[in-house]
Every structure is written in C-alpha cells, then in structure tokens.
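Engineer: model this:
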Amino acid sequence: MTDTPCLVSAATAAGRPDTRLVVIRGNSASGKSSVAQDLRDHYGRGVAIVSQDVIRRNVLREHDTPGGANITLLGRIARHALDAGFHVVLEGILYADRYSHMITSLVRDHRGISSCYYLDVPLETTSARHASKADATYLEQVTDTHLTSWYRELDLLPGGRETVIPADSTLHDTVARILRDTDLAPASPPPPPCTPSQGGPTDLVLMSDPQVAAIPARECGESLVDVRDHDFRVDTRKQDPLGAFAHVREGVLARLKHARSLLPAGTDLLFIEGYRPLALQQRYFTEYRDELAAVHPDWTPEQLHQAAGRYVSPPEIAPHSAGAAVDVTLVDQDGHELDLGTRVNASPEESDGACFTHALNVSDQARSQRALLLNAMENAGFTNYGTEFWHFSAADRYDALMRKKPHARYGPIELP
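Structural biologist: As a prediction, this is how the structure comes out:
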C-alpha cells in the first residue's frame, strides 16, 4: 500500500516531498535484500538501503528482542538519510509487534511518498532458498531449525498499510511493481543493455548477435544421454517431470568426464542443467524480455532482444535446446556448493553484473574458484558464455563461432 504525502509536524517531519520511503518486510530468505539491492541497481546512486540485519547483527551484535537498541537506530538512520535527500529502502524481518511503532511513525512523518510491502513466502520455500545459498559458513550457523523458529505467517503491520507480494512474484516482477507504485524513476538513463558491468569484457559476443545465428548447423545425429547414469553429482533445482534437464549429447558427456578428471582432489562438478526443450527455452526468453520491458519501457525491441540475450539464449540458436550446453558449478568432496561469487542463474540485474565470468566485483576466493572451473571445462573442449560463469557448450553455433568453425555439429533436437 502506498501512502501519499501529508502535512506533518515540523518537529517530527522527515525527508522532502520528492523523497521515497519503501519498507520491505518478510520472513528470513523471502528475498527482501535482493529486492532492496535491485531497486538501488535500477535507480543508481541516491538510494539508501537501511538493513535490519546490518544494524542489529553487524553494528550492534544484538539479539532481536522487544525494545532493542537497533529499533530506534534503524528509524534514526532512515530519517537522517531522508533528510539528506536520499530515497530509503528499509528492509528486514521487522516483526510487527516489535517494529510497528517505529515504522508507522516513520511513514507518518515522511513528507514524501511511502510504500510498505510484505513478501509472503511459505516456510518450505524459504527453507529451499536458504539451502541454495553458497555461503557454507552461514548455512552452518543458520539451520532449518532457526528458520522454523523465526518464521511468522503473514505477520502484517496494523492498519492495513502493507501490500502483500505473493510467493510466485519473481524478483523482477516485484521490483517493477515497486518502481511503478513509487514512481522511483532512475536519476540517469540506464546503461546500454549489452554492456557488461563491473569489469566484464566490452567485446563479448552475445547469444543475440547475428553472427551466432549465421553459423549453420549440420546435425551429426548424436543421441541424448542421461548423465545420471554416469555417476555425476546432479542437482535437482532444474528437474522436470521427464528428466530432460539431465540429458546431453554423447560428445558433451565425454567432455564432462574429461573436465571432471582435471579437477583437484576434493573438488567435483555439480551438474545443474543440460538439455532444455525448445518450448521451455522460448518461455524463458520471452519472460525475461518482458521483465526487462516492464523496468525499461523506453528501450526499443532491438535493445530488449539484445539485453535479454545476455542471460537467456534466443530460442532459435539456444545451445541448451541442442543438448550442447551444460550449467555446472563446483562442490567440495561432501557435495557442498563452493562460493563462486553469485548463485547459479543469477541475472545481470540481480547480481550487479557479478554473474559475468570475469567480473571484478567478486571476492578473490570466488575468482579463484571460477578460474578452476573455467580451466577444467575449457581444457576439456568447452566454450564458456562470458555473461554466465556456469554456462559451457561444445559443438553448437556459439562454440563454432568462437572457434572459427564453418558450422555447428549440434542443432535443435527433441527428447525421444
């Protein structure tokens, strides 16, 4: 729910008529921090993120208790930022019985538009999202037992002032809605949609480049095989009813085995997705393009197609739909996913460009882990797609272009 500006006492007033206050609440692992970061990414400088976890845990190292010092400090930081002309995103679990007075007072006193949102995500979904995080130390410290004890179902603020965002709303849908509700227009034009951020190579050839589509495919007739029959570690996050995700061409399987043999002891490949039916690829591409269009209504169809191609291959040339591509990452000997800087399948918008293979805005450890994966896969005959550190393909159109081959050996194929 969005509150329009109102007259308030000069003694308690906060911000200006043109500042925006966005409050994002929800249970642990409901996506609050991702939404907050994406709002800042889309707007640029001028958005202050006031995070409950940062203030309570990092600054004060305080337990979340009624009357805690962090409650007052959160409100004061938000007010100071608004007074300084920043838009403010206040995010956290922010239990209603402990934080509602601070939040409602802040909304009441804000001179500009205020909007409050509650991310309504079921416990089982938050547990699954939590388990997919790459930070092994955090996963050891915060268990499913903790998540269950912290969870409160639909813990809304009094007065019906919040907009409830359902669990099926994607990150981009949620951000687009908040941007529309608050009229939080970017202070400057968005960057060109094809330019990688944070150190990505500016000469990167995208999947949407006409050069890729111009490479002919001369189908070699190799069959699709199931990697689950060959002792690979296979993640189920992309599993489908037919098990299509676990299939690759025979030659791709051979390269995967080779890459696995090149990894040091105690490190292994985690297979996430291989073959993707053409209809599913079309759906992914269309959905992502539409999400970009909602956030960037001024972009032309050509810009949208090119930007979408950074992250999702256009269906007509998609390596996954040829059984030629794999999404993989690294795990330790116990199967725990290693930290490679972002989650697998993080978009450029979500990750601030950190999904790009050679991004600079990742830790030294993540960069080292990426180099380990890249070297093993490339030495086994794969080509990496530079916007996604986890995506590799062989003998498809993109690989053929990169290797200056006259044609691809694998074209679109259907699962028998």
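Engineer: C-alpha from now on. contacts and neighbour counts both.
Structural biologist: Fine.
Engineer: next, the buried residues of stretch 281-301.
Structural biologist: 281-282, 284-286, 288-296, 299 (16 or more other Cα atoms under 10 Å).
Engineer: closest one of these to Lys405?
Structural biologist: The shortest gap between Lys405 and any of those belongs to Gln281, at 24.8 Å (Cα to Cα).
Engineer: ok, that closest one - contacts?
Structural biologist: Contact analysis of Gln281 by Cα atoms under 8 Å, 6 or more residues apart in numbering lists Ser313, Pro314, Pro315, Ala318, Ser321.
Engineer: select only the buried ones of those residues in ChimeraX?
Structural biologist: Buried subset of the contacts of Gln281, written as a ChimeraX selection, criterion 16+ other Cα under 10 Å:
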select :313,314,315,318,321
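Engineer: can I get the contacts of Gln281 in JSON lines with secondary structure?
Structural biologist: Output for those, formatted as JSON lines (DSSP: H, G, I helix; E, B strand; the rest coil):
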{"residue": "Ser313", "secondary structure": "coil"}
{"residue": "Pro314", "secondary structure": "coil"}
{"residue": "Pro315", "secondary structure": "helix"}
{"residue": "Ala318", "secondary structure": "coil"}
{"residue": "Ser321", "secondary structure": "helix"}
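Engineer: of all the contacts of Gln281, which comes closest to Leu415?
Structural biologist: Using Cα to Cα, Ser321 comes nearest to Leu415 of the contacts of Gln281, at 9.7 Å.
Engineer: ok, the buried residues of stretch 281-301 vs Gly75, which is closest?
Structural biologist: After measuring the buried residues of stretch 281-301 against Gly75 - Cα to Cα - the closest member comes out as Val295, at 29.4 Å.
Engineer: how about that closest one, what does it touch?
Structural biologist: His172, Ala176, Leu179.
Engineer: reformat the residues you listed as TSV; add neighbour count and pLDDT.
Structural biologist: Converted to TSV, the contacts of Val295 look like this (neighbours: other Cα atoms under 10 Å; pLDDT from 0 to 100):
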residue	neighbour count	pLDDT
His172	21	84
Ala176	21	87
Leu179	19	89
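Engineer: from those residues, which ones fall inside helices?
Structural biologist: With helices taken from DSSP state H, the overlap with those comprises His172, Ala176, Leu179.
Engineer: helix or strand right after the helix or strand of the chain with the lowest mean pLDDT?
Structural biologist: Least confident helix or strand of the chain, by mean pLDDT, DSSP states H and E, is helix 136-141 with a mean of 55. Downstream of helix 136-141, the first helix or strand assigned by DSSP states H and E is helix 144-150.
Engineer: so where's the stretch 301-416 of the chain shaky on pLDDT?
Structural biologist: 309-311 (pLDDT under 70).
Engineer: can you show me the strands along it?
Structural biologist: Taking DSSP state E, counting those that start in this stretch to define them, one finds strands in the stretch 301-416 of the chain at 325-332, 383-384, 391-393.
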